[in-house]
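> the following comprises the amino acid sequence and a computationally predicted model.
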Amino acid sequence: MWNDPGGVTTALQPVAVPASPADESATVLVAVLPGLSPRDAEQLRLRVAGVVEQLLDDRTRPHLVRAADAEDVLVCGPIRLSRDDKRVSVDGRPLGLTYQEFRLLETLMLNPGRVLSRSQLLALAWDEPDWRTGRTVDVHVRRVRRKLGEAAHFVETARGFGYRLRG
C-alpha cells in the first residue's frame, strides 16, 4: 500500500460527476480536495465531463476495423491504413509511402478532427524529432497529399496551427 504521511488521501472528497451532458445517469467519481470553491468545483466538473465525453464519442475516432486475420486497419473515407503490414491504399489502389510518410499519416488517422501542431506531429511521428523543424512536417504533408491524389483533401491545414485529418 502507498505510504500517505501527510494524510492527503484522507482529505480527498469523492464527488460524482456526470460522464456526459447527454446522459446524466452515467457518473464518474472524482477526488477533490476540501476547501475547493463551488466555482472551481463546477469548472472541474465541466472539464471532466468534457474529457469523458470526448473519450466516449465514437464520431471523433477513426473507424478501426478488425479483419479476419486480426490486423489493425484504420479507415477514413477512401483511405485505408493497415498498421500490421504497413500498407496504405486509397479506393483499393496501393500507395507507396515511405516509412516517415506512413508514420505521419498514421498519427493523423489516430487523431481525426484534432488539430496537431507541427511540434506535436514531430514528437508523435518522428523517432528523433530534436533537430527537425516545422518545415520538415510541411514537406512530408505535401508529399503525403500528392500520393493520396483525390483523397488529399482529407488532410486539412489549420492555418497558423498545424494539420488535421478530416473525420
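Right, received. Where do you want to start?
> quick one: the strands in the protein, in order.
For the chain, the strands defined by DSSP state E cover 13-20, 23-32, 63-66, 72-76, 79-82, 87-90, 93-95, 116-117, 155-158, 162-165.
> pLDDT weak spots in this protein?
1-71, 129-132 (pLDDT under 70).
> where do the helices sit along the protein?
8-11, 38-56, 99-110, 118-125, 134-148 (DSSP state H).
> can you tell me, leaving aside adjacent residues, what's nearest to Leu121?
Val137 (5.0 Å; Cβ to Cβ, 6 or more residues apart in numbering). (Each C-beta comes from the backbone N, C-alpha and C, glycine too.)
> now do His140 against Gly162, distance only.
13 Å (Cβ to Cβ, to the nearest Å).
> how long is stretch 155-167 from one end to the other?
In stretch 155-167, first residue to last residue: 10 Å (Cα to Cα, to the nearest Å).
> in it, what counts as buried?
Buried residues in stretch 155-167, counting neighbours by 16 or more other Cβ atoms under 10 Å, are found at 155, 162-165, 167.
> identify the farthest-apart pair in the residues you listed.
Gly162 and Gly167 (15.5 Å; Cβ to Cβ).
> on that earlier part again, which residues does the residue nearest to Leu121 contact?
104, 118, 121-122, 162-163 (Cβ atoms under 8 Å, 6 or more residues apart in numbering).
> ok, the residues you listed vs Ser82, which is closest?
Of the contacts of Val137, the one sitting nearest to Ser82 (Cβ to Cβ) turns out to be Leu104, at 15.8 Å.
> neighbours around that closest one, how many?
25 (other Cβ atoms under 10 Å).
> and it, what does it touch?
121, 125, 137, 140-141, 144.
> the domain parsing of this structure - what is it?
Here the domain assignment for the chain is 8-56, 62-165, based on automatic domain parsing.
> contacts only, for Asp138.
Contacts of Asp138 (Cβ under 8 Å, 6+ apart): Arg118.
> related to what we said a few turns ago, weed out the non-buried ones from the contacts of Leu104.
121, 125, 137, 140-141, 144.
> could I have stretch 96-107 exported to PDB, CA atoms only?
Extracted in PDB, the C-alpha atoms of stretch 96-107 (Å, rounded to 0.1, in the frame of the first residue of the first chain):
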ATOM      1  CA  GLY A  96       4.000   3.700 -52.000                       C
ATOM      2  CA  LEU A  97       4.600   5.700 -48.800                       C
ATOM      3  CA  THR A  98       8.000   6.000 -47.200                       C
ATOM      4  CA  TYR A  99       8.400   5.000 -43.500                       C
ATOM      5  CA  GLN A 100       8.100   8.600 -42.400                       C
ATOM      6  CA  GLU A 101       5.100   9.400 -44.600                       C
ATOM      7  CA  PHE A 102       3.400   6.300 -43.200                       C
ATOM      8  CA  ARG A 103       4.000   7.400 -39.600                       C
ATOM      9  CA  LEU A 104       2.700  10.900 -40.300                       C
ATOM     10  CA  LEU A 105      -0.500   9.600 -41.900                       C
ATOM     11  CA  GLU A 106      -1.000   7.000 -39.100                       C
ATOM     12  CA  THR A 107      -0.600   9.800 -36.500                       C
END
